[in-house]
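Novice: below are the sequence and a predicted model for it; my questions follow.
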Amino acid sequence: MNLYPAAMIRHLLLIRHAKSDWDDPSLSDFERPLSARGERDVPIMGSRLATSSILPERIMSSPAQRAKSTAMGIARYLALPMQDIEWREELYLASPATMLDAIRNHPDHVTTLFLIGHNPGISALTTELCGEVIDNIPTCGIAHLVGEFNSWKEAGKFRMVNFDYPKRQA
């Protein structure tokens, strides 16, 4: 008799916000909106996510305008309720350790989690979690990681099952 339940498969998608606009110097870094390219890339990546059938039970995002627009655009494209987005102040320009702490403190009933953040942290966290060196996740890039553990608190090693970004040729 096995006293330990089989570990659950959990999906973690680490997403870098879409390309931001630097044209208005009066805006703070936090307030920068998406550029025209960023506005084009969100539907491209939303479409790719929709065809992959990977739907998040929760989206965690930095509340910076460019991350917020990316999160809301992806949620709209996947027909997800906006209330399923959790705005987390600590994810703004977060370190890998801060993002991992946010992941590990997520409710265990969630098996598919999207985290939308910023570089260099999002690329460094991807490298740390899957052991594959990812120097730079491009804007609106998505690293789809899979891990097997009973609780997000145990989140550590993942394997990368997909790495996608807007300019990648299908």
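Specialist: Looks like it arrived, so ask away.
Novice: just checking, Pro63 touches Tyr92?
Specialist: Yes. Pro63 is in contact with Tyr92 according to C-beta atoms under 8 Å; the separation is 6.6 Å. Backbone N, C-alpha and C define where each C-beta goes, glycine included.
Novice: helices or strands up against the biggest helix by length in the chain?
Specialist: Assignment by DSSP state H gives helix 36-52 as the longest helix of the chain. If you count contacts as 3 or more C-beta pairs under 8 Å, 6 or more residues apart in numbering; DSSP states H and E, helix 36-52 packs onto helix 65-77, strand 142-148, strand 159-164.
Novice: hmm, try it at 7 Å
Specialist: Applying 3 or more C-beta pairs under 7 Å, 6 or more residues apart in numbering; DSSP states H and E, one finds that helix 36-52 contacts helix 65-77.
Novice: quick check: buried residues in the following helix or strand past the helix it packs on?
Specialist: Next helix or strand after helix 65-77 toward the C-terminus (DSSP states H and E): strand 85-87. Within strand 85-87, the residues that count as buried by 16 or more other C-beta atoms under 10 Å are Ile85, Glu86.
Novice: quick one: mean pLDDT for strand 85-87?
Specialist: The average pLDDT for strand 85-87 rounds to 97.
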